[in-house]
Structure formats: structure tokens, C-alpha cells
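**Q** sequence and computational prediction follow.
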Amino acid sequence: MPDTVLWLRRDLRLADHPALLAAAQQAAGGRVLPLFVLDPRILRRAGPARTTWLLRSLSALRAATDGGLVLRSGLPHEVVPQVVRELGAAAVHVTADPGPFGRRRDDLVEQALDVPLVRTGTPYAVGPGSVTKPDGSPYAVFTPFCRAWSAHGWPAPAGGPPPGLRWARSVQGEDLPAEPAGDLDVPEVGEDAAHHRWAEFLETDVDGYADGRNRPDRPATSRMSAHLKYGEIHPRTLLADLAGRRSKGASTYRTELAWREFYADVLWHRPRSAWEYLRPEFAGMAYDEPGERFAAWQAGRTGFPFVDAGMRQLLGSGWMHNRVRMVTASFCVKDLHVEWQHGARHFLDHLVDGDLASNNHGWQWVAGSGTDAAPFFRVFNPVTQGLKFDPDGDYVRRWVPELRHLPGKAAHTPWDTEDGYAEGYPERVVDHAAERLVALDRYARLRD
DNA sequence: TTTTGAGTTGTTCGA
DNA sequence: GTCGAACAACTCAAA
């Protein structure tokens, strides 16, 4: 009866977990050691929101495994082989991590091990790289990808841990590190919380999702992004629950999951696209260095209420509504003319759901440099977007206290109200109409 | 093989 | 106030 190690990374759950089932099956009568490696390289880059979420999720998983989860600090290619020796394990089981960092890390661990590293499943319904055009090349446009992805299909959710599964207890772990200081407003974390929130969304908001998802003033989105990021719930589970629903909202939600899979697929085929222009000619465009205006953008002090509300929601809660992510990103790239990588970095430093593929390809989409990017002439008007998607100004007032004295939609246009700046709200850092023309001109010059 | 039409998320302008 | 056109270039799939 060999013991096995289940090395967890982006799969902090027990239900619908094929790698756990594989580890349990190989152990057959032996024990499984659930291991999480606190990699200092990842913790350094995660930012306070993601670190807090991770630590709470690990705490929840430790409780769910009756204290069986073992934590170790260090580099995985040193820690994992060490744990294998201590346990005398026959194999290490993982869910494949298809990102560029994960692939390199796992290859290194595999070389350092003298037992097999068994990869079962991925954090996606369809493994990145497995949906291709008939000639085997990857899709570069979303809609055809989405069609092929749907046609490819995915397995039904796997069951929970097999009855009789026993956790190995012989290996010593470490205590959870302390959470970063600060007063971030992080929601409930962990596998149970993920399922609870998902059930709530299915009950109240999924059928109205097609329109509701655009309203940052309402709690109409699923809020599943961070749960998915840490694998507290698998997209297979979500897709299975959506399968019986015919509403427009359910279909739109499925498409959003497909976007997540599309961007993971793009990153799998082109790992360098995380930080390099997918369309290299865009590197030759004229950009401005990030300076005072960029700092104002980061701090939520651009003088554009909808933009500032979003940037402050990011700082205050580690999350930003998707509609507002597009508007703030457009402002950074097309009003401030700052390269998308600077904005993407700031988002990744603060987002609780910060996912390299979705975040950075989303930024490239806004910048116009991505695979299947927005057309260059699509420049968001930060005021119009605010009036359209936060028509009563509730979202702005929630996150920008200096505008709370302005009623209704007046919160979007303090320059039109006599006492608009009475509470210390900053003046606009740019003239949007002028900067829009500058952006269009720079794109035109790139073309010629 | 070549052609054709459609393609997540918008804005502005002029009729 | 509403509406359609214009704002590129390229990918992909169907004809």
C-alpha cells in the first residue's frame, strides 16, 4: 500500500478533483498526504488581497481535511522531493498548471523527483491547447474558439473524495503565516463558501445576467473569479449546473467561462504573451512614461468619478467590476497613453482574483494589441460609461466619499454642479476628448 | 481555390 | 431625441 502526495496549487478543494481521485486510487488502502508549498516567489508577487485569500482558503482546506493539510515553505523543487522522502511516497499527484510559470516549476520538480509526478486534469473545463483548428493550429479569434470549445465538450464533474480515504499524518507541517495587515473587505473564502455563493447566484441572478452583469451598482455578478482562481470550485461544476438552463443569462455566463478558457489557451500556445505584445508592431507606438497622472489613476484621483470609483474599489476590496475594469484600463491606455503592462501590473498587485491570462490578455484587448482585440477606434468615454451603467450614481458615491453630496447621476459630473468640488474631489487630470484624438492619431501613425 | 461575411463589451457626427 | 454610418485590418468558416 503505497502512500501518495497530493501537491495542491490552484485546486484548493476536495469535490470534483480528479487529481485527488488519482492520488487516492494509487494509494488504495494507503494514505494521501495533501501538501501545499508556500513558495516565496509567489507570495512576494501576490499582493495583500490575494495573500489574504490564499491563507484563508488554506485554513478552510486544512479544516476540511481534519488538519491533514501540510504546509511547507520553500522552493517546490526542494520541498516536494523532501516531503516525498519523509513519507516514502510512491508518487506525487497534481492538477496540471498550464501557465508559463507553472509549467517551468513543475518540470523542475519532476526532474528533482525520483518518483513520478502525475498530472491529472487542469483548472479548466477543456485543457489549454486541446481546442485547435482542423489543421492543428490555435484559434486567434474568440467566436470560432468558443464554438469549437463547446463542440469539444468536457467531462461531467468528478465525485467527492472516495469513502475510506485516509490522510497521511506522519509528516510535520508549518503553521499558517499571519495575514498581511490592512482592512481589506474580503468575502467568505473556501470551497464551502464558493458553493454557497454559486447556489445563491443560480437562484437570484443568473437569468438576468446578460444585462445585470454590466451594472457595477448592483450585486448582479457571480463573484466566482477568486474562487475559480484558487480552484475552490471547478468550472466543470459550474458548466454542469448551467447545462439545464436555457435563459439568455445562463448562455452569457457560459460565454464568460469560455473567455477564461480562451485566454488560458492563448497563453498556453504563446507563453510570452503575458507581458509582450501579441501584435508586435504595437511595441512601436508612441507611449508616455507613467508619471503623476498614472499615480493619480492608481490612487483613484483622476477627477473622472466612474474611473476613480473603480480604482478605489480595487484598492479597498481587492476586486473591481468587469465593466469598470474595461473603462479604467481604457483610461490608462488611451487617455494617459501609458503602456498596458504598467496597468496590468497594478491590477495584478491588487486583484484578489488576479489571473495572469485573463488579466493581461484583457489589457491587450483594451490596448488593441491582443489576439482578437478591440478595434483601435473603440475608446471608452469614462463619463458616458458611468451614466449608462451606473445611472443613479450609487456606485460612484459608494467608493468616492467626496461626491456623496451630489444626488443621483449628478455624481458623475461634479463640474456641472456649483458645489461639485466642495468636498475636495480632484479636478480632471486630462481633457478626454483631446486625449481620445491623440490616441487615435498615434494609432494612425503606427499604421502608416 | 477563392470569395464573402461576420466578428463581446463604443463613440461621434450628421441627417 | 433617434438613427445609421464611419471609424481598419485581419481571422476564420462557410459557400
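**A** Yep, that arrived.
**Q** is it correct that A:D11 is in contact with A:H93?
**A** No: judged on CB atoms under 8 Å, A:D11 makes no contact with A:H93 at a distance of 10.4 Å. Placement of C-beta: from N, CA and C, glycine included.
**Q** list residues touching both of these two?
**A** Residues touching both A:D11 and A:H93 (CB atoms under 8 Å, 6 or more residues apart in numbering): A:A19.
**Q** quick check, A:L6 in a strand?
**A** Yes: per DSSP: H, G, I helix; E, B strand; the rest coil, A:L6 lies within a strand segment.
**Q** I figured it hits A:P34, correct?
**A** Yes: using CB under 8 Å, A:L6 is in contact with A:P34, at 4.9 Å.
**Q** so which bits of the stretch 1-150 of chain A are right by DNA strand C?
**A** Counting by CB under 7 Å from any atom of the strand, the stretch 1-150 of chain A comes close to DNA strand C at A:133-134, A:137-141, A:144, A:147-148.
**Q** got these as CSV, with secondary structure and pLDDT columns?
**A** Shown next, in CSV, are those (DSSP: H, G, I helix; E, B strand; the rest coil; pLDDT from 0 to 100):
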residue, secondary structure, pLDDT
A:K133, coil, 92
A:P134, coil, 88
A:S137, coil, 91
A:P138, coil, 93
A:Y139, coil, 94
A:A140, coil, 93
A:V141, coil, 93
A:P144, helix, 94
A:R147, helix, 94
A:A148, helix, 95
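**Q** any of those residues buried? List them.
**A** Neighbour counting over those (16 or more other CB atoms under 10 Å) leaves A:138-139 as the buried ones.
**Q** show me what contacts A:A410?
**A** Applying CB under 8 Å, 6+ apart, we find A:A410 in contact with A:393, A:416-417, A:420.
**Q** among those residues, which one sits closest to DNA strand B?
**A** A:D416 (15.8 Å; CB to the nearest atom of the strand).
**Q** quick check: chain neighbours aside, which residue is closest to the closest one?
**A** Using CB to CB, 6 or more residues apart in numbering and skipping residues adjacent in sequence, the residue nearest A:D416 is A:A410, 7.2 Å away.
**Q** wasn't the one you found part of a helix?
**A** Yes: counting by three-state DSSP, A:A410 is found in a helix.
**Q** measure it to A:G386 for me?
**A** As for A:A410, its distance to A:G386 is 11 Å (criterion: CB to CB, to the nearest Å).
**Q** okay, now the residue of the stretch 301-448 of chain A found nearest DNA strand B: neighbour count?
**A** In the stretch 301-448 of chain A, the residue that lies nearest DNA strand B is A:N381 (3.7 Å; CB to the nearest atom of the strand). A total of 18 residues lie near A:N381 under the criterion other CB atoms under 10 Å.
**Q** that one and A:H412 touch, don't they?
**A** No: judged on CB under 8 Å, A:N381 makes no contact with A:H412 at a distance of 11.2 Å.
**Q** A:A193: which element?
**A** Taking DSSP states H and E as the definition, A:A193 sits inside helix A:191-204.
**Q** who's in contact with A:F380?
**A** Going by CB under 8 Å, 6+ apart, A:F380 touches A:326-327, A:330-331, A:334.
**Q** so what's the backbone phi/psi at A:V70?
**A** Main-chain dihedrals, A:V70, degrees, to the nearest 10: phi -100, psi 130.
**Q** err, A:W167, not the other one
**A** Main-chain torsions, A:W167, degrees, to the nearest 10: phi -90, psi 140.
**Q** so in terms of bridging, what pairs with it?
**A** Under DSSP bridges, the beta-bridge partners of A:W167 are A:V32.
**Q** isn't it right next to A:G68, touching?
**A** Yes: using CB under 8 Å, A:W167 and A:G68 qualify as a contacting pair, with a distance of 3.1 Å.
**Q** shared neighbours, those two?
**A** Common neighbours of A:W167 and A:G68 (CB under 8 Å, 6+ apart) are A:33-34.
**Q** can you list the contacts of A:F380 in CSV and add distance to DNA strand B?
**A** Below are those laid out as CSV (distance: CB to the nearest atom of the strand, whole Å):
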residue, distance to DNA strand B
A:M326, 6
A:V327, 8
A:S330, 8
A:F331, 11
A:K334, 10
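**Q** from the residues you listed, pick the one nearest A:A194.
**A** Closest to A:A194 out of the contacts of A:F380 is A:M326 (25.2 Å), distances taken as CB to CB.
**Q** hmm, back to that, tell me which of A:L6 and A:P34 has more neighbours.
**A** A:L6 (30 against 23).
**Q** what's the pLDDT at that one?
**A** With respect to pLDDT, A:L6 has a value of 98.
**Q** quick one: contacts for it?
**A** Neighbouring residues of A:L6 by CB under 8 Å, 6+ apart: A:19-20, A:23, A:32-35, A:92-94.
**Q** in terms of helices and strands, where is the closest residue to it other than its chain neighbours?
**A** Nearest-residue entry for A:L6: A:A23, 4.4 Å, with adjacent residues in sequence omitted and distances by CB to CB, 6+ apart. Following DSSP H and E, one finds A:A23 within helix A:18-27.
**Q** not counting that helix itself, show me its contacts.
**A** By CB under 8 Å, 6+ apart, the list of residues contacting helix A:18-27 from outside reads A:1-6, A:11, A:14, A:32, A:90-91, A:93-95, A:118-121, A:158-159, A:161-162, A:165.
**Q** for chain A, which segments count as strands?
**A** Using DSSP state E, the strands assigned to chain A run over residues A:4-8, A:32-38, A:70-73, A:91-94, A:117-119.
**Q** next one: the first one to chain centre, how far?
**A** From the chain centre to the centre of strand A:4-8 is a distance of 24 Å (CA atoms, centre = their mean, to the nearest Å).
**Q** if we can go back for a sec, mind listing what's buried in the helix holding A:A23?
**A** For helix A:18-27, burial by neighbour count (16+ other CB under 10 Å) applies to A:18-24, A:26-27.
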